[in-house]
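S.K.: what shape does this take:
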Amino acid sequence: MRQRKRGIVNMEESTGIDLAPMLDFVLNLLIFFIITAVFLKEVGINVSRPNSSSSAEKSESSSIVILIAANGEITVDRKVVDQRSVRAKIESLHAQKPDDPVVVAADPGAATGILVDVIDQVRQGGVQAVSIAPTKS
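M.R.: A predicted model of the protein is given here:
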């Protein structure tokens, strides 16, 4: 009988859960996520709108100026245009004055989506160098 009890006791002690494979798996996951996190890059456009209105006054004298109001109204060379016709207007102005740069002045309350759309249309109109200036306060 003593041998039976010893055999039962030994079986009960050996029925524990082995945590080594689980710890190896968790360690491998941790290494994988640390390595892949290094390769993640954020996609976006960094836009910082300057506060000085003197730079806007200087750039307006010999450049094509696009103003974006807080309500979304777009003005190209002092003429209000629709958002979809910015490209055509820029193409005609750039054909007349090919050396003049394009300056986009956006109100701080204007939607950033409109600003990005206008810059895209200007680039599609043939002008690659687009400057962003503050609006006059």
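
S.K.: switch to C-alpha atoms for all contacts and neighbour counts from now on
M.R.: Noted.

S.K.: just confirm Ala106 contacts Ile119, I think it does.
M.R.: No. The pair Ala106 / Ile119 is not scored as a contact, 11.0 Å apart, by CA atoms under 8 Å.

S.K.: tell me if Thr75 really is in a helix.
M.R.: No. Read with DSSP: H, G, I helix; E, B strand; the rest coil, Thr75 is strand and lies in no helix.

S.K.: need the pLDDT of the closest residue to it other than its chain neighbours.
M.R.: Spatially, and ignoring its direct neighbours in sequence, Thr75 is nearest to Leu67 (5.0 Å; CA to CA, 6 or more residues apart in numbering). If you check Leu67, the pLDDT there is 90.

S.K.: equivalent analysis for Ser63, please.
M.R.: 81.

S.K.: likewise for the one 10 residues further on?
M.R.: With respect to pLDDT, Glu73 has a value of 91.

S.K.: likewise for Ser131?
M.R.: Predicted confidence (pLDDT) for Ser131: 84.

S.K.: my guess is it contacts Val104, does it?
M.R.: Yes. At 6.1 Å, Ser131 and Val104 qualify as touching, with contact defined as CA under 8 Å.

S.K.: between those two, which one's more packed in?
M.R.: Counted by other CA atoms under 10 Å, Ser131 and Val104 do not tie: Val104 has more neighbours, with 24 against 13.
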